[in-house]
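Undergrad: with the sequence up front, the predicted model follows.
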Amino acid sequence: MSKSSQDPTTSYRQNLDVAWRRIRGKDSAILVLPMTCEVVGLNEVAVRVWELIEDWQSVPRIVEVIESEFDAPRDRILEDVGLFLEDLLVRELAERRA
């Protein structure tokens, strides 16, 4: 996980050009990368993170919400959220601001 994803003042937001749709109720969703039209599948937790970053959100806030809604250790959530956000940035599916 990068240092920026650990910084409590850093916020993330969806790339507003990304098309996405929920599939099978609340279980999963797909994102379509704007430049390549590649489809990315999201599991239930990733969908929740994606929803949370509809507007600018900090990692501590995202982790707090995920911890309250899913049964997993905080350290694991923090690591997974950081890795997921970094992956979104690399694929240009999200934006970061300090």
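TA: Okay, I see it.
Undergrad: low-confidence ranges in this structure?
TA: Residues of the chain meeting the criterion pLDDT under 70: 1-6, 25-26.
Undergrad: so which residues of it form helices?
TA: 3-6, 44-52, 59-69, 74-90 (DSSP state H).
Undergrad: reformat these as CSV; add distance to residue 22 and mean neighbour count.
TA: Where you see a C-beta, it was placed from the backbone N, CA and C, and this is true even at glycine. Converted to CSV, those look like this (distance: least, Cβ to Cβ, whole Å; neighbours: other Cβ atoms under 10 Å):
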stretch, distance to residue 22, mean neighbour count
helix 3-6, 25, 14
helix 44-52, 7, 18
helix 59-69, 16, 16
helix 74-90, 17, 17
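Undergrad: of the ones you listed, which is nearest residue 23?
TA: Of all these, it is helix 44-52 that lies closest to residue 23, at 9.5 Å by Cβ to Cβ.
Undergrad: who touches the closest one?
TA: Residues from elsewhere that reach helix 44-52, judged by Cβ atoms under 8 Å, 6 or more residues apart in numbering: 14, 20, 22, 26-29, 31, 42, 61-62, 65-66, 69-70, 80-81, 84-85.
Undergrad: and with 7 Å instead?
TA: 14, 20, 22, 26-29, 42, 62, 65-66, 69-70, 81, 84 (Cβ atoms under 7 Å, 6 or more residues apart in numbering).
Undergrad: roughly how far is that helix from the heart of the chain?
TA: 6 Å (Cα atoms, centre = their mean, to the nearest Å).
Undergrad: same check, this time on stretch 14-33
TA: Taking Cα atoms, centre = their mean, the mean C-alpha location of stretch 14-33 is offset from the chain mean by 11 Å.
Undergrad: gap between the two ends of it?
TA: 12 Å (Cα to Cα, to the nearest Å).
Undergrad: only the buried residues of it, if you could.
TA: 14, 15, 18, 20, 29, 31, 33 (16 or more other Cβ atoms under 10 Å).
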